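Trainee: 3D, please:
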Amino acid sequence: MPERALRIFISYSTEDRDFAKRLGSLLTSRGASIFGDMTVMPGGAAWADVLRTEIEQSSALILVIPSRNAANRNNVLFEAGAAKALGKPVLAVLPPKSEASSIELPTDIASLLVLDADRRSVESIADTLLQAVAVGNAAPVAAK
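Mentor: Okay, here's the model as predicted:
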């Protein structure tokens with residue numbers, strides 16, 4: 001791990017909160033600095049401003065792919081699109097037992113690393129994500 005901790009923004013739907021927290025904890029234990037809505041927000045800060053700043057300052061965004069019926073799906077995809085527009089690597093994870101699939105991603109963010117939690121352990125996913133972010137190797141890959 002480099003001297004400066006990698007800053008990773010995790011974007012996920014409320015239905016995937018438990019998985020996102022577990023993934024975030026593993027990434028933190030491996031030296032990364034994590035931001036997601038499980039993070040305590042500074043008092044008096046506007047949520048939209050905090051999100052924008054955190055995405056700008058992140059090394060990468062991890063998108064926990066929301067199902068089509070997720071209540072905040074559009075927000076999650078908007079955050080991923082914003083990161084991509086800023087030139088940040090966007091890495092995607094299909095949560096376990098998900099109704100979503102990588103083919104449901106909008107075409108403008110579809111060419112990214114996709115890891116499937118039904119086919120790999122969350123520990124293996126955390127390791128792969130950190131390696132991809134550290135090397136800046138977020139090239140299109142379909143690693144199941």
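Trainee: How about the contacts made by the residue lying closest to residue 96 once chain neighbours are set aside?
Mentor: In this structure, residue 96 finds its nearest non-sequential neighbour in residue 117, 4.3 Å apart by CB to CB, 6 or more residues apart in numbering. Bear in mind the C-beta positions are built from the backbone N, C-alpha and C, glycine included. Contacts for residue 117 (CB atoms under 8 Å, 6 or more residues apart in numbering) come out as 19, 93, 94, 95, 96, 98, 125.
Trainee: which of those residues has the most neighbours?
Mentor: Neighbour counts for the contacts of residue 117 peak at residue 93, which has 28 neighbours (criterion: other CB atoms under 10 Å).
Trainee: Quick check: which element contains it?
Mentor: strand 90-94 (DSSP states H and E).
Trainee: Check the offset of that strand from the chain's centre.
Mentor: Computed by CA atoms, centre = their mean, to the nearest Å, the chain-centroid distance of strand 90-94 equals 6 Å.
Trainee: And for residue 18, the neighbour number?
Mentor: Count around residue 18 with other CB under 10 Å applied: 12.
Trainee: tell me the secondary structure for it?
Mentor: helix (DSSP: H, G, I helix; E, B strand; the rest coil).
Trainee: Distance check, it against residue 88.
Mentor: From residue 18 across to residue 88, the span is 25 Å (CB to CB, to the nearest Å).
Trainee: and what of residue 5?
Mentor: Residue 5 is 16 Å from residue 88, by CB to CB.
Trainee: between the two, who's got more neighbours?
Mentor: residue 88 (21 against 14).
Trainee: Now the more buried one. Its backbone dihedrals?
Mentor: Dihedral pair for residue 88: phi -80, psi 140, per degrees, to the nearest 10.
Trainee: How about residue 12?
Mentor: According to degrees, to the nearest 10, residue 12 has phi -160, psi 160.
Trainee: Touching, it and residue 66? I think so.
Mentor: Yes: shown here, residue 12 and residue 66 form a contact pair, counting by CB atoms under 8 Å, at 7.1 Å.
Trainee: Now the common contact residues for those two.
Mentor: Shared contacts of residue 12 and residue 66, counting by CB under 8 Å, 6+ apart, come down to residue 76.
Trainee: Lovely, talk soon.
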